[in-house]
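Asks: after the sequence you'll find the predicted model.
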Amino acid sequence: MSNMNDNDKDKNINIEEKHEHKGDYEDICYICRRPESKAGKMIKIPQNISICADCMQKTFDTINKGDNPYMQMMGMPPNMINLSNLQNEIPKTQKIKRKSKEEEQVAQEPFERKKVPSPHIIKGQLDDFVIGQDHAKKVISVAVYNHYKRISSLKDGSYDIEKSNMLMVGPTGSGKTYLVKTLAKLLDVPLAITDATSLTEAGYIGDDVESVLSKLLQAADNDVEKAQRGIVFIDEIDKIAKKRNTNSRDVSGESVQQGLLKLLEGSDVEVPVGATSKNAMVPLTTMNTSNILFICGGAFPDLDKIIKARLNKQSSIGFKADLKDKYDEEPNLLQKVTVEDLREYGMIPEFLGRLPILFSLEGLTKEMLIKVLKEPKNAILKQYQRLLLLDEVDLQFDDEALEAIAEKALDKKTGARALRAIIEEFMLDVMYEIPKDENIGRVLITREYIEGKGVPVIEMRGSLKTKLITEAQI
């Protein structure tokens, strides 16, 4: 075992020597994980370990106190430390890549606003993939465009424009996450999508709030300057609302909202590079969140009941009074949401105050679901048509079949997510049986087949060819 350890140590030393020879890497403090550019010149100690001056001074202060329990457990005198005990915990390469002069020059250049398209262009591109939600697409297009105008104006120093973070409310399956994912593909800026369900208060099992920035840093290829101009989408934000009627400590609710305040407002945060936990043996870097745009989204179940209760307070007795059941059948009750409703739901006022733009998405109707099936560039039906086209089979759906699919999706009450589950169910037999016969040329899906009362209409290649020739003559 000792020979193997010696070999590993030699490999690590060789790696370090190569890095030092190249000059492209900088040392990292073994204790605080800060790179040389942040902590200053490193002090080299045996076993190729680098320690910054601050940590070295803290170590000496701890040793001089003479009451360090760890040293006493190791059987050492209070005034002596044995470096040989660190031999079994030698880290791997303690280097981080140093920025070249060209990269530093690019990072210092002002951000060009012309790189981000105008709001109408962003919305037009979103229209190709997202059906409906015109108001939400307008809001998010203008907010993103204004955000990068703000960044470019900060270089002047003449005036300061406040950051406009967004809070997006909408029923499940209405397209909140898909809207931001599509935006990520269209914009040439770093964008990180994470969810709040895994976040806990610092010191507990789970991710700290800084892990949100770790994903953004990874999306920017660990380029801090580029990441500081990015966008972060925090999904499932309603899961960190204050829990009601609980006597236990809520480590994943209100405390997480309080932890996110400094990120939303703008501050310097130490973020682990290449990991989501500060406890990992990875270097730390400092990120400023003042120019990072935060978009929060959530379904907020049962929020409609709070809105309805607020609206029903206005009901009274008389000819012009509102009826108490007036809003029972309201399809888009979330459109009437206010900040007070969200406070009642469990979001703290300080958190809502840092998300000034509040907007809602519409619930999908039957007509919108039919459009979702066939109109987007990557529509679900188009995906199955491409799959069968590889077998030289033409897949078609009649209008009544599309209506039947939309009606089934509405019954499930999970929005557009229900469409794929329904299609997967009735397309299973079709995808299984078609490759058996090479003479099949076209498959028509009907309403009867979707409802389980019939079979799909199949046309063979010979009859299909004759039919196409006849139609061409007509």
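Replies: Right, received. Where do you want to start?
Asks: pull the contacting residues for the residue nearest the centre of the chain.
Replies: Closest residue to the average C-alpha location of the chain: residue 193 at 1.0 Å, with Cα atoms, centre = their mean. Contacts were defined as Cβ atoms under 8 Å, 6 or more residues apart in numbering; by that measure residue 193 touches 177, 180-181, 184, 215, 233, 235. The C-beta positions use only the backbone N, C-alpha and C, and glycine is treated the same way.
Asks: ranking those by neighbours, who comes first?
Replies: Taking other Cβ atoms under 10 Å as the neighbour criterion, residue 233 ranks highest of the contacts of residue 193 with 26 neighbours.
Asks: which residues are contacting the one helix or strand that one maps to?
Replies: Per DSSP states H and E, residue 233 falls inside strand 231-235. The contact list for strand 231-235, computed with Cβ under 8 Å, 6+ apart, reads 144, 147, 176-177, 180, 183-184, 187, 189-196, 212-213, 215-216, 260, 292-298.
Asks: just the buried subset of the residues you listed, please.
Replies: By neighbour count, with 16 or more other Cβ atoms under 10 Å, the contacts of strand 231-235 hold 144, 147, 176-177, 180, 183, 187, 189-196, 212-213, 215-216, 260, 292-298 as buried.
Asks: mind checking which of those residues land in helices?
Replies: Judged by DSSP state H, the buried ones among the contacts of strand 231-235 include 144, 147, 176-177, 180, 183, 212-213, 215-216, 260 as members of helices.
Asks: want to throw these into a markdown table with pLDDT?
Replies: Converted to a markdown table, these look like this (pLDDT from 0 to 100):
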| residue | pLDDT |
| --- | --- |
| 144 | 86 |
| 147 | 83 |
| 176 | 86 |
| 177 | 84 |
| 180 | 86 |
| 183 | 85 |
| 212 | 85 |
| 213 | 88 |
| 215 | 86 |
| 216 | 88 |
| 260 | 88 |
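Asks: for residue 271, state which of these is nearest.
Replies: residue 213 (4.7 Å; Cβ to Cβ).
Asks: thought that closest one was touching residue 285?
Replies: No - if you go by Cβ atoms under 8 Å, residue 213 and residue 285 don't touch, sitting 9.8 Å apart.
Asks: name the helices or strands packed onto whichever strand or helix holds residue 425?
Replies: Using DSSP H and E, residue 425 maps to helix 417-433. When contacts are defined as 3 or more Cβ pairs under 8 Å, 6 or more residues apart in numbering; DSSP states H and E, helix 417-433 packs onto helix 366-374, helix 380-389, helix 399-412, strand 440-445, helix 447-450.
Asks: let's have these in CSV, adding mean pLDDT.
Replies: Output for the helices and strands packed on helix 417-433, formatted as CSV (pLDDT from 0 to 100):
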stretch, mean pLDDT
helix 366-374, 90
helix 380-389, 90
helix 399-412, 91
strand 440-445, 90
helix 447-450, 91
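Asks: now render these as TSV, adding distance to residue 341 and mean neighbour count.
Replies: Output for the helices and strands packed on helix 417-433, formatted as TSV (distance: least, Cβ to Cβ, whole Å; neighbours: other Cβ atoms under 10 Å):
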stretch	distance to residue 341	mean neighbour count
helix 366-374	25	18
helix 380-389	34	16
helix 399-412	25	18
strand 440-445	42	19
helix 447-450	39	19
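Asks: can you give me the distance of residue 163 to residue 366?
Replies: In this view, residue 163 and residue 366 are 39 Å apart by Cβ to Cβ, to the nearest Å.
Asks: what's the answer for residue 193, then?
Replies: 29 Å.
Asks: show me where the stretch 101-250 of the chain has helices.
Replies: Ranges of helices in the stretch 101-250 of the chain, per DSSP state H, counting those that start in this stretch, are 101-108, 119-127, 134-154, 176-186, 211-219, 224-227.
Asks: quick revisit: which residues do residue 213 and residue 285 both contact?
Replies: Contacts common to residue 213 and residue 285, judged by Cβ under 8 Å, 6+ apart, are residue 271.
Asks: nearest to residue 46, of the contacts of residue 193?
Replies: residue 215 (37.2 Å).
Asks: wait, what's in contact with the closest one?
Replies: 192-194, 232, 276.
Asks: what do you get for residue 143?
Replies: 164, 166, 293, 357.
Asks: give the buried residues for stretch 34-43.
Replies: 34-36, 38-39, 42.
Asks: now intersect the residues you listed with the strands, please.
Replies: Members of those lying in strands (criterion: DSSP state E): residue 42.
Asks: could you dump the ones in helices among the buried ones among the contacts of strand 231-235 to TSV with distance to residue 302?
Replies: Shown next, in TSV, are these (distance: Cβ to Cβ, whole Å):
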residue	distance to residue 302
144	30
147	32
176	17
177	20
180	24
183	28
212	26
213	31
215	29
216	31
260	22
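Asks: any idea which of those residues is the one closest to residue 423?
Replies: Nearest member of those to residue 423, counting by Cβ to Cβ, is residue 177, at 19.8 Å.
Asks: pairing partners for the residue nearest to that closest one when sequence neighbours are not counted in the sheet, please.
Replies: In space, and not counting its chain neighbours, residue 177 is closest to residue 235: 5.5 Å by Cβ to Cβ, 6 or more residues apart in numbering. Beta-bridge partners for residue 235, by DSSP bridges, are residue 195.
Asks: would you list the contacts of residue 193 in TSV and tack on distance to residue 437?
Replies: Converted to TSV, the contacts of residue 193 look like this (distance: Cβ to Cβ, whole Å):
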residue	distance to residue 437
177	40
180	44
181	39
184	42
215	48
233	46
235	45
